Structure formats: C-alpha cells, structure tokens
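> Have a look at this prediction, sequence included:
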Amino acid sequence: MCDGGHGTDEGCRCRGGRMRGFVQPRLLLQLARKPTHGYELMEALAAADDPAPDPGTLYRTLRGLEADGLVRSAWETGDSGPARRVYELTDQGVEFLHAWAASIRGTRAQLDRFLAEYEKQFQGKTGG
C-alpha cells in the first residue's frame with residue numbers, strides 16, 4: 001500500500017516515478033544518433049536507466065511522430081530475415097527535439113527552485 005492509501009506502489013501516482021510522456025524525446029534523441037528499426041530502438045531504450053515502453057506504445061509513438069513529420073521511415077530488406085522498417089529523424093524532428101530539451105531545462109529549473117524551498121522549509125525535519 002502506498003503512503004496515500006491508494007493501493008499498491010505499482011498503481012500509485014503519489015510517489016512520482018517515471019515521467020509520463022517522456023517516450024517521445026527519448027526516441028527522437030536515439031534517432032538523432034542514427035536511423036534504426038523499432039526493435040533496436042526498444043533495446044536502446046531498455047538499456048537506459050528508465051524502463052522502455054511496451055512495444056505497442058513504441059510503435060504507436062513512432063507512427064504519431066511520422067504523421068507529424070518528425071520522423072520518416074522506409075522498409076529495409078537485408079540478405080537474411082524479414083524486411084524491417086527503419087526510422088530516421090527529419091529536420092523538423094531535430095527542431096522538435098531542441099524544443100523538448102528547452103522545455104526540460106525549464107522544468108528542471110522549476111524543480112530545482114521547488115526543492116530549494118522545500119529543503120529550506122523542512123531543513124532538519126525530515127529524513128528525505
């Protein structure tokens with residue numbers, strides 16, 4: 001049970017946890033490194049500290065990014081195995097990624113201010 005009495009920790013939103021909506025910038029940054037296919041994107045995101053999205057979320061997000069003109073894809077056929085869709089960041093996607101980074105910096109500044117005020121308020125009164 002969470003501290004707020006909202007069920008298990010896994011279903012509780014009281015404690016924060018993973019940043020919702022953060023799949024897009026993570027995907028865009030990975031695609032800025034190199035064009036790649038969905039399975040490789042999944043592996044790269046899983047290797048990071050944050051959990052990777054489920055495959056359905058990953059591919060829905062990629063389709064949405066493509067519909068918005070931020071990503072383009074093409075089928076790649078190799079010597080062995082099935083054809084794979086390879087995703088690539090567009091110039092518009094690069095600009096969107098820059099905008100995400102600016103937004104994240106602003107959020108980080110707000111969080112830093114909040115934590116400074118919190119620590120000042122509760123200095124020596126809490127264990128966290």
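Now that the structure is in, tell me what you want to look at. Numbers count the residues shown, from 1 in each chain.
> as a whole number, average confidence for the helix or strand containing residue 29?
Per DSSP states H and E: residue 29 is located in helix 23-33. The pLDDT scores in helix 23-33 average 94.
> after it, next one along is what?
strand 36-37.
> ok and the following helix or strand past that next one relative to helix 23-33, angle-wise?
Counting by DSSP H and E, the next helix or strand C-terminal to strand 36-37 is helix 38-47. Angle between the axes of helix 38-47 and helix 23-33 is 110 degrees (criterion: axes from the mean of the first three to the mean of the last three C-alpha atoms, to 10 degrees).
> Report the buried residues of the helix or strand just after helix 38-47.
The first helix or strand that comes after helix 38-47 along the chain, using DSSP H and E, is helix 55-67. Judged by neighbour count using 16 or more other C-beta atoms under 10 Å, the buried positions of helix 55-67 are 58, 61, 62, 65, 66. Every C-beta, even on glycine, is put in place using the N, C-alpha and C of the backbone.
> Now tabulate the residues you listed in JSON lines and tack on distance to residue 118 and pLDDT.
Shown next, in JSON lines, are the buried residues of helix 55-67 (distance: C-beta to C-beta, whole Å; pLDDT from 0 to 100):
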{"residue": "58", "distance to residue 118": "35", "pLDDT": "93"}
{"residue": "61", "distance to residue 118": "33", "pLDDT": "94"}
{"residue": "62", "distance to residue 118": "38", "pLDDT": "96"}
{"residue": "65", "distance to residue 118": "36", "pLDDT": "97"}
{"residue": "66", "distance to residue 118": "41", "pLDDT": "97"}
